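1. the following block contains a protein sequence and its predicted model.
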Amino acid sequence: MATRIHVQTTLNGEAAEFLCDSRQSLLEVLRDDLGFTGTKEGCSNGNCGACSLQIDGVLVDSCLVLAAEVDGKSVNTIEGLASPAQLHPLQQKFLEHAALQCGICTPGFIMAAKALLEKNPKPTEHEVRYWLAGNLCRCTGYDKIVRAVLDAAESMEASA
Amino acid sequence: MQTFDYVAAQTVDEAVSLLASKGDQARVLAGGTDLIVQLREGRRQLETVVDVKKIPEANVLSYDAQNGLHLGAAVACHRIYNDPVISKTYPGLMDAFTLIGGIQIQGRASVGGNLCNSSPAADSTPTLIAHRTMCVIAGPNGQRVVPVEQFCTAPGRNVLENGEFLLSLRVPAPPNNFGAHYLRFIPRNEMDIAVVGVGSSLMLGDDKSTVTDARIALGAVAPTPLVAVEAAAALVGKPISDDTIAAAASAAASIARPIDDMRGTVQQRIHLTGVLTRRTLQGALSRARGES
Ligand SMILES: Cc1cc2nc3c(=O)[nH]c(=O)nc-3n(C[C@H](O)[C@H](O)[C@H](O)COP(=O)(O)OP(=O)(O)OC[C@H]3O[C@@H](n4cnc5c(N)ncnc54)[C@H](O)[C@@H]3O)c2cc1C
Ligand code: FES
Ligand code: FES
């Protein structure tokens, strides 16, 4: 029998620790054990991007990460984005552009877009579409998502 | 997912002794983008998963003009292409490393894992072959080195023996007038498995025309990646021209022995092998001449 693994991590800037089984994905532990249900499960095989989050600043699919692997690492999820006072510009622009319908894909798109803007604050439309190729949406047809990301980039540049 | 022991090995010796004692009940975990999917789908049953990402030698990423590229087997694609020197020095490798999956997959997927998964369609293998990469393998009897074109032996199989794992890859520094290029054909623009992939490299003489060395490797057209020896021989020693490139392309197409599946037919794959050989040679040529 595998023993439970003790994991110490930083979750959205705060120290967090948990016990997990080796076979549990980071996505499972976040959603089922820690109550962080903002990160969504779509395919659980790396194709849809609904489970996107950042580990040490790197964008990954959390369904393809074992929870045990994040020991000593820093994890950032959609829950860490808004401040108590206001939404993150990406969240605000997704609302303004109606870039979501059912919303299942939205946290993944926003986390992916956040990672893009950290690396490339002024992406072209082509760069946005290319970067977001690992995120699937069955509702919006993508166009509104791309507009929202481009608009958020502009407003973040303006306020920077 | 099934239950298994997860061990993050800290040293080469720890990983080797675990792998040796568990035999085929243990496997290495790098980025997990193949392995975790296989475990979840029940395609693999394991007692032990050995994470090699904490082993320093599996994490090196360094380049110098003497020794070339030293690439730890567990280094994820994003680290490689975000290194300004390495990405500029090896555009023919970056062609492949930037198209494995999407950004999220590249945040985890290692080149070592791509090679060790040993899929005939793995995108990095043909271009590693075109670059004359050597595989450094660690095992119970120390280290051994295997040329990358000899690494894969059948779909999902390779030369690794019990207790061995891939430690790192050594890619020679590009000589003067060297250029390489990788292209794959997929029905979509990104996020798909290669129907055919071709990696080519060329080295030119001082006249920037005579081919002094060439290497062409084909993916997804046989149980393992193929080296197109006669295709390269059709180029070497001659001034490069549309005719020699066409001769190389048809020689490459003639050794393809692909299968029919949902991604493409035999006939289409053979045709694509010729087309991609021609295009990658043209791409390699313009890089060798410093035009792109
Ligand atoms: C959505 C999606 C898209 C993908 N797209 C592509 C694509 O476009 N092109 C492509 O080629 N692949 C693609 N893949 C497959 C996969 O991402 C790549 O093969 C990747 O490079 C595997 O690397 P990894 O580090 O994640 O390997 P892992 O999953 O950790 O390991 C892969 C296999 O190799 C073994 N292994 C890993 N490292 C070592 C080592 N150092 N020594 C010995 N054995 C080792 C493991 O035991 C396992 O069997 C895709 C996968 C997904 C989920
Ligand atoms: S749930 Fe992780 S990529 Fe779909
Ligand atoms: S809004 Fe429904 S999947 Fe994107």
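-> Done, it's in. Ligands and ions are numbered 1, 2, ... in the order given.
2. count of neighbours near the residue of the stretch 101-250 of chain B found nearest ligand 1?
-> Among the residues of the stretch 101-250 of chain B, residue B:113 lies closest to ligand 1, at 2.2 Å counting by C-beta to the nearest ligand atom. In this view, the C-beta of every residue, glycine as well, is placed from N, C-alpha and C. By other C-beta atoms under 10 Å in any protein chain shown, the residues close to residue B:113 number 26.
3. domain parsing for chain B?
-> Residue ranges for the domains of chain B, per automatic domain parsing: B:5-51, B:56-171, B:178-288.
4. returning to that earlier point: pretty sure the residue of the stretch 101-250 of chain B closest to ligand 1 contacts residue B:38?
-> No - counting by C-beta atoms under 8 Å, residue B:113 stays clear of residue B:38, with 11.6 Å between them.
5. for the domains of chain B, which one sits closest to residue A:132?
-> Nearest of the domains of chain B to residue A:132, taken as C-beta to C-beta: domain B:56-171 at 8.1 Å.
6. right, is the closest one up against ligand 2?
-> No - using C-beta under 6 Å from any ligand atom, domain B:56-171 never reaches ligand 2; the gap is at least 7.0 Å.
7. can you check the distance spanned by that domain, start to finish?
-> 19 Å (C-alpha to C-alpha, to the nearest Å).
8. where does chain A come near ligand 1, residue by residue?
-> So chain A meets ligand 1 at A:45, A:46, A:47 (C-beta under 6 Å from any ligand atom).
9. quick one on the thing from earlier: show me the contact partners of the helix or strand containing the residue of the stretch 101-250 of chain B closest to ligand 1.
-> Element membership for residue B:113 (DSSP states H and E) is helix B:111-117. Contacts of helix B:111-117 with the rest of the structure, by C-beta atoms under 8 Å, 6 or more residues apart in numbering or on different chains, involve B:28, B:30-31, B:33-35, B:58, B:71-75, B:77, B:80, B:97, B:100, B:122-125, B:128, B:135, B:148, B:151-152, B:156, B:158, B:160, B:165-166, B:168-169.
10. phi, psi for residue B:152 please.
-> Per-residue torsions, residue B:152: phi -80, psi 140 (degrees, to the nearest 10).
11. now swap in residue B:180 and tell me
-> With angles defined as degrees, to the nearest 10, residue B:180 sits at phi -140, psi 160.
12. check it and give its pLDDT.
-> On pLDDT, residue B:180 comes in at 98.
13. what's the ChimeraX syntax to select whichever of the contacts of helix B:111-117 are buried?
-> Buried residues within the contacts of helix B:111-117, by 16 or more other C-beta atoms under 10 Å in any protein chain shown, are selected in ChimeraX with:
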select /B:28,30,31,33,34,35,58,71,72,73,74,75,77,80,97,100,122,123,124,125,128,135,148,151,152,158,160,165,166,168,169
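14. narrow the contacts of helix B:111-117 to those in strands?
-> B:28, B:71, B:72, B:135, B:152, B:158, B:165, B:166, B:168, B:169 (DSSP state E).
15. wait, which of those is closest to residue B:187?
-> Nearest to residue B:187 among these, with distances taken as C-beta to C-beta, is residue B:152, at 24.5 Å.
16. the closest one reaches residue B:124, doesn't it?
-> No - between residue B:152 and residue B:124 there is no contact under C-beta under 8 Å: 11.7 Å.
17. wait, is residue A:6 part of a helix?
-> No - counting by DSSP: H, G, I helix; E, B strand; the rest coil, residue A:6 falls outside a helix, being strand.
18. contacting residues around the residue lying closest to residue A:102 once chain neighbours are set aside?
-> In this structure, residue A:102 finds its nearest non-sequential neighbour in residue A:139, 5.3 Å apart by C-beta to C-beta, 6 or more residues apart in numbering or on different chains. Counting by C-beta under 8 Å, 6+ apart, residue A:139 touches A:100, A:101, A:102, A:105.
19. could you redo the last one with a cut-off of 10 Å?
-> Going by C-beta atoms under 10 Å, 6 or more residues apart in numbering or on different chains, residue A:139 touches A:99, A:100, A:101, A:102, A:103, A:104, A:105, A:106, A:145.
20. export those to TSV and tack on pLDDT, distance to residue A:4 and neighbour count?
-> As requested, those are exported to TSV (pLDDT from 0 to 100; distance: C-beta to C-beta, whole Å; neighbours: other C-beta atoms under 10 Å in any protein chain shown):
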residue	pLDDT	distance to residue A:4	neighbour count
A:99	97	40	28
A:100	97	37	20
A:101	96	39	14
A:102	97	35	10
A:103	97	33	12
A:104	97	30	17
A:105	98	32	26
A:106	98	33	25
A:145	98	39	27
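21. wait, which of these is closest to residue B:13?
-> residue A:105 (44.7 Å).
22. what about the closest residue to the closest one other than its chain neighbours, how many neighbours?
-> Distances taken as C-beta to C-beta, 6+ apart place residue A:137 nearest to residue A:105, at 4.4 Å, with adjacent residues excluded. Using other C-beta under 10 Å, residue A:137 is surrounded by 24 other residues.
23. close enough to count as contact, residue A:137 and residue A:110?
-> No - at 11.9 Å, residue A:137 does not count as touching residue A:110 under the criterion of C-beta atoms under 10 Å.
24. find the residues that touch each one of the two.
-> A:99, A:100, A:145.
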